[in-house]
Structures are given as C-alpha cells and as structure tokens.
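Chemist: mind looking at a prediction? Sequence and model below.
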Amino acid sequence: MAAAAKLQLLVRQPDTASILAGIPDLKESGLSRVPAKAAACSPDGTKLAAVTDASVDVYDLVGGKKVQVLQVNGTVLVDWSKTGAYITTAQRPSKGEDGQPAKNIKVWDVASGSLVLAVSVKSVNKESWPILQWGHGDEAVYHGVTNTVHHYKRAEGFKHPKKVPIKAVASFQPCPAAGKQLLAAFIPESKGQPAVATVMDCSGAAEPVTISRKSFYRATGASIMWNASSTACLFMVTCETDATNQSYYGESRLHYLPADPARADSACAVAMPKDGPVHDVQWSPAGDYFVVVAGFMPAKVILHDDKCKAVYDLGSGPYNTARWNPFGRFLAIAGFGNLPGDVVFYNKLNKGVCKQMGATRSGSAVTASWSPDGRHLLTATTAPRLRVDNNVRIFTYYGDKVCEQPFDILLEASWVQPPPGTSYEDRPPSPECISKATGSPSGAINGAAAAAGGSTAPAKATYRPPAMRSLQQHLQAGAAAINNGPTFSLAYDNSSKPGRITQTGKQLPPGADFVSKAAAKNAKKRANKKAKPGGEGCVDGQEDDEAQGGPSTSGSVGIDAAVAGLNQQMSSVDLGDADASDAAQKRIRALQKKLRQIQQLKDKRDKEGPGALECEQLQKIESEAAVTAEIQQLGGTL
C-alpha cells in the first residue's frame, strides 16, 4: 500500500477543485476547494491550472501555493503542453476594436507568465479541443487554418511559421515520437470527391512527402490516433448518416495507415468482426497492439497487432469502452453510459494472448482511467451525464472495490500524474490475488459471476456415470427452458467464445476480402475453360453445381474433359513457372494501367496548367520513365 498511498485524484465540483489522496480513505490533501470553473493538472504532476473569471491561476501541487497568475479573462478551456512548460487557453470568439476577429487562442510560458503565441479561431468547443497540437518535447506546435497547417518552432520563439499546404484539411495530428516530423491529416468528403487519410513527412524544407494515403467515401469527420513509436496511425472516421439505415447515430469505420514508405501498400480498412458502429479504439502504451470494440450489442472485442493483424478475440458483451494501463500489460473492457457498467480485467501475455483476471460492475459510471502505478482503475459518475448518485470508485486490477466516495455534484475526476523522481514498476499480477478473486487457481471466472459483478467460485458438479450424463443434460435444458424462458440476450452471446485468432490457409493482405474454397475453385475452372478452344460456350452456373455437389448438365463428358485438361496442364506446365508468369503478367497490367493514368494527368496539366494538379499527381508524372523501363524489362508492350 506504500505505492497506493502516493496516488492522488483531481476532483472538480461546481466552482471549486480539490486534490484527494489516501486509498482507501480519500481525503483532501494539499489543495482544497480552490476557485476553478475548469482545471487541469500538468503532465509531470507538479502544477494545477485553475480557471477563474479574470485569470488562470497556477498552483504548486507540492507546496499548495499559487505560483503564477495568467491575466486572461473569459477563459473557457485550458490545456497543458507535453512537458508542462506552456499553457494554452481558449476564449469565446469575438471581434476586436478594429472589427477584426480577436485572437482567442493563446499560449503562455508558465515560468515567466508571458504570452508567446496568439491565434484566432471561429469556433471553440470541447469536441475539437485542444485546437493547437504539440510535438514531442514541446519542440513545435501546429495550428490548422484553411488549406494549410502552420508549424511553429520553439527554437524560433514560435514566430514565422512554416506553412504545410494540405487542401481542405479538417483535422490533423503530429506524431508523438522523438526525432520525427510526421503529420497525419484527414480531408473530409466534399462535392463528390472521396475523403482522404494521409501520413506525411514534414522534415524537409520543401513541401511534405506523402508516405501513405487512402481514400474512401461516407466520411465527414475523423479521430486520429498514433501509436507510441509512430510506426502506424489509426483513423476512426464517422459519417452523420448511415447508408444502411441501421443506426440513427450515423456510421463509423476504422482505417489503418503505416508510417513506413516500404509498407505503404498495407494501408487498409480494419476488418470489423460484425456489423455496427466502432465504439472505442485504443493503442497500447507500448505501441505494439490496439484493441477495437465494435458492432451492435453485444459488441465484439478484438485485439490487433501493430501490423493490423487480428491476433485475439476477447468475446462479446455489453461493452463500449477499452482502457490500457500505463504499461500496456493490463486491459479493462467496460460498458458505460446506458449500459449496466460491467468491467472485465485482462492480463495481456506473449503474442497477444489475453487471460481474464477478474470482473466487477460499476453501475451508472461515465468515465474510467488507470492509475499511474497501473494497479487501480478509477470510475466516476459525473454531471451533467447524471445529476444523482455522483461518486468515484476505485477498483484493483482483479476487480475488488477498495474505495468509494460520494459527491453531491461531481463534474470531473482524474488521476494526478506522479511528480518527478517517483516511478512505478511494471509488475505482473499476483497469483494469490487472482486466485482469491476468481475462486480457482486457474484464474478463470464464470460467465454468471462476471455478469453479476461478483467473483463467486463455481459450485462443484456432482459425479454422474457416463450413461446418465446425456439424459441429465436434456433434463436440465428442458427445465431451464420452462423456468427461465428464452435464452436470447442482447448483452451476451454464448456462441461467441474468446480465443486466439489463427490464420488458416494462405494469408491474405490486410483489408482483403475472404474468398471461399468453392468460389476460388469455380473461378479456376472458368479460367481453364476459357483458355481451351471452345471454352466460351460453357453453360453459366455449371461450375457452381459441380462445386456444390449438385447435378451437372454435361454429365460424364464434362467431367472427362475437365480431367483430361487438368492432366494435360499438369504434364506440360511447371507449377513454379506458371506462378511466376502469372505474377509477371499481373504486374505488367498494373504498370500499363498506371501509364494510362499518367497520360491522363499529362493531358490535364497541358490543358489546365500545373496548378490544377496535386503534389502526388505531379510526382506520379515524374515516375513515367521508371514505369516505362519496368514494363520493357518484364517484356510487356507500351
């Protein structure tokens, strides 16, 4: 409990903010009920920014004293930079004395209290906050304007921004890794043109270089998520309307883009396990896995690796939230909002295998977050989502509730990061605690206990002879049907069993559609018959009947012809050479198609001028010589 005693919470009530400490008995510590209409702790856990009507007050969390006052009135939102050296404040849009829009987004140096950057935006809301995006180590800050992203460098005093042209850019996110200047951007669908998700390298002095790019329709907004190592990026795109009319709230999809030019072809739409919206997506803090909660209730939970390969199925249930602990070892899957509040805890083992450690229920919870030590989960019931039964609850990583604190009105609750010099170790779960929580050494918990929020040990079954087991099962099933009625449930799907996802047969590239064996067999037969003289005269649907074991209109004549053709092909053609030849012909066709596209772009350039083309289109024209040379090398015709 020594490490747990150092944990602190920031709780905000109407017009006040406080720091609580001491698990299991939470008490006010250090700062108590300081005036605050909005509050945020610095990433290093040393300061608190409290918003008042006339200023933004900065408090020292160690000494509990006010150390800085930023003279900015009417602040509605506040945000810290990644190192805690700067504070960004937002005011409501207004006009200055000269009639021009006032600069309502301001960046302040916390140490000196001076204003270092000010820009104006037309709309300020929590959904798009923070508007300014900080790079690694506060080396730069990015601001999006019409068709351009401004890149301000700290070394230049945040003056004279570098302009990164991105036509119709709606949202963007710089990568979090050090030493990289990668930018992920989203361009919404407009005027019949598809939406675009792209990853660019902005390190050069010239225009940015596109690393990967993907276009798609039915996308008007996007949330961009980088992994910790900045090797891949996820775009969760949304559309206000659902083309299938299955959801009143529109539709959402997930796209994966690599940040490596050698893997640019791996950009794909993440395959969803079932129809329905994407509820939540979270990268592991280690950057090697991401978890997806998607589908109509009961939602499906799938774990993917950083190459976008599905590796583990965590089953289905009433879930819409996923949270990793700071070390990427423990994973909590929960269902909040209008769901009952079930929380299931997993331990991620090697190769993505997840083992359940425990389960609990936090009814009416709104938010959830892991503690800095990675051993406790905080859930909070806050207003205005719910104005009754506001509280905070703290659970262990195996589901035991260790603390609950009620509030009359609670607006916000979050963990305070540990101050410099305090570190926590990534420890595996305790076998004694898991065994105590689940009631069995194996650590498995039964479905009834998980649904009810308890951890009761399953009752030991009575021994029955093998000859009586089948009869007993039928009697139990009949009694359950009579007493309990139908077993259908929108919360749990008993047919969905968790386990490792294995790739059978030939592995397909990410995003490729699955083709059944029967469809592949029919396609191969059609190709063989077209290659033989008179092959075009075959009857449509004949191959389908043969593949499905149904009657064939050609009888034994068709079978003998197919066998003779197959024997002739096997005796005269080497399989390895055939595969190589098919691959070469496929590559030639792709290059010829690209050459035709280049010619169309050249015609457009000659007709409308170079300004009518995008940077990627001009780069494509420059690759004409390389494409032509490769076609000639493969023996194709231009």
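Modeler: Ah, there it is. Numbering: from 1, shown residues only.
Chemist: list the contacts for residue 94?
Modeler: 101-102, 104 (Cβ atoms under 8 Å, 6 or more residues apart in numbering). For the C-beta atoms, the positions are set from N, CA and C on the backbone; glycine is no exception.
Chemist: now a PyMOL select for only the buried ones of those.
Modeler: A single PyMOL command selects the buried members of the contacts of residue 94 (16 or more other Cβ atoms under 10 Å):
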select buried, resi 104
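Chemist: ok, the contacts of residue 94 vs residue 589, which is closest?
Modeler: Residue 589 lies nearest to residue 101 out of these, by Cβ to Cβ, at 53.7 Å.
Chemist: could you report the separation of that closest one from residue 600?
Modeler: Residue 101 sits 42 Å away from residue 600, taking Cβ to Cβ, to the nearest Å as the criterion.
Chemist: again, but for residue 27
Modeler: Distance from residue 27 to residue 600, by Cβ to Cβ: 71 Å.
Chemist: for the residue nearest the centre of the chain, list the residues it contacts.
Modeler: By Cα atoms, centre = their mean, the chain has its centre lying nearest to residue 281, at 3.2 Å. Residues in contact with residue 281 (Cβ under 8 Å, 6+ apart) are 225, 234, 236, 254, 290-293, 322.
Chemist: next structured bit after whichever strand or helix holds it?
Modeler: Taking DSSP states H and E as the definition, one finds residue 281 inside strand 278-283. The helix or strand immediately downstream of strand 278-283 is strand 289-294, counting by DSSP H and E.
Chemist: give me the helices and strands touching that next one, please.
Modeler: strand 278-283, strand 299-305, strand 321-324, strand 330-334 (3 or more Cβ pairs under 8 Å, 6 or more residues apart in numbering; DSSP states H and E).
Chemist: what lines up beside the second one in the sheet?
Modeler: Just to be clear, that refers to strand 299-305. The strands that strand 299-305 pairs with in its sheet are strand 289-294 (antiparallel), strand 310-317 (antiparallel) (by DSSP bridges).
Chemist: between these, which one is closest to residue 64.
Modeler: Nearest to residue 64 among the strands paired with strand 299-305 is strand 289-294; the distance by Cβ to Cβ comes to 38.7 Å.
Chemist: average pLDDT for that closest one?
Modeler: The average pLDDT within strand 289-294 is 94.
Chemist: please name the bridge partners of the residue nearest to the centre of the chain.
Modeler: Counting by DSSP bridges, the residues bridging with residue 281 are residue 292.
Chemist: for the remainder of this discussion, apply numbering that starts at 232.
Modeler: Shifting the count to begin at 232 puts that one at residue 512.
Chemist: how near is it to residue 550?
Modeler: The spacing between residue 512 and residue 550, counted by Cβ to Cβ, is 13 Å.
Chemist: what touches both of those two?
Modeler: Residues touching both residue 512 and residue 550 (Cβ under 8 Å, 6+ apart) are residue 524.
Chemist: stretch 606-624: which residues count as buried?
Modeler: Buried, per 16+ other Cβ under 10 Å, within stretch 606-624: 606-614, 621-624.
Chemist: which one of these is nearest residue 448?
Modeler: Relative to residue 448, and with distances defined as Cβ to Cβ, the nearest of the buried residues of stretch 606-624 is residue 613, at 36.9 Å.
Chemist: pretty sure that closest one contacts residue 620?
Modeler: No: judged on Cβ atoms under 8 Å, residue 613 makes no contact with residue 620 at a distance of 10.6 Å.
Chemist: grab the nearest non-local neighbour of residue 826.
Modeler: Leaving aside its sequence neighbours, residue 826 sits nearest to residue 858 (Cβ to Cβ, 6 or more residues apart in numbering; 5.5 Å).
Chemist: sec struct for the one you found, please.
Modeler: helix (DSSP: H, G, I helix; E, B strand; the rest coil).
Chemist: name the residues linked to residue 482 by a beta bridge.
Modeler: Here residue 482 sits in beta bridges with residue 470, going by DSSP bridges.
Chemist: mind checking how far it is from residue 333?
Modeler: In this view, residue 482 and residue 333 are 38 Å apart by Cβ to Cβ.
Chemist: and for residue 322?
Modeler: Residue 322 sits 8 Å away from residue 333, going by Cβ to Cβ.
Chemist: now do residue 753
Modeler: From residue 753 to residue 333 the distance is 67 Å (Cβ to Cβ).
Chemist: now swap in residue 628 and tell me
Modeler: Applying Cβ to Cβ, the value for residue 628 to residue 333 is 48 Å.
Chemist: residues near residue 557, how many?
Modeler: 17 (other Cβ atoms under 10 Å).
Chemist: check residue 294 too.
Modeler: Residue 294 is flanked by 11 other residues according to other Cβ under 10 Å.
Chemist: do the same with residue 395
Modeler: Residue 395, neighbours per other Cβ under 10 Å, totals 20.
Chemist: secondary structure of it: a helix, I assume?
Modeler: No: counting by three-state DSSP, residue 395 is not found in a helix; it is strand.
Chemist: which stretches in this protein count as helices?
Modeler: Counting by DSSP state H, the chain has these helices, from start to end: 233-236, 662-669, 678-683, 697-715, 748-762, 773-778, 786-803, 806-839, 846-853, 855-864.
Chemist: could you pull up the mean pLDDT of the fifth one?
Modeler: Averaged across helix 748-762, the pLDDT comes to 75.
Chemist: residues of it that come out buried?
Modeler: 753, 756, 760.
Chemist: counting contacts, what elements does it pack onto?
Modeler: helix 773-778, helix 786-803.
Chemist: by mean pLDDT, show me the worst of those helices.
Modeler: Of all those, helix 773-778 carries the lowest average pLDDT, namely a mean of 42.
Chemist: mind listing the strands for the stretch 582-731 of the chain?
Modeler: Under the criterion DSSP state E, counting those that start in this stretch, strands of the stretch 582-731 of the chain are mapped to 585-592, 598-601, 607-612, 622-627, 632-637, 643-647, 730-731.
Chemist: now the last one, how far from the centre of its chain.
Modeler: Once both centres are worked out by Cα atoms, centre = their mean, to the nearest Å, strand 730-731 turns out to sit 20 Å from its chain's centre.
Chemist: just checking, residue 659 touches residue 560?
Modeler: Yes: if you go by Cβ under 8 Å, residue 659 and residue 560 touch, sitting 7.3 Å apart.
Chemist: what residues do the two have in common as contacts?
Modeler: Between them, residue 659 and residue 560 share these contacting residues under Cβ under 8 Å, 6+ apart: residue 578.
Chemist: wait, isn't residue 462 in contact with residue 490?
Modeler: Yes: applying Cβ under 8 Å as the test, residue 462 and residue 490 come out as touching, 5.5 Å apart.
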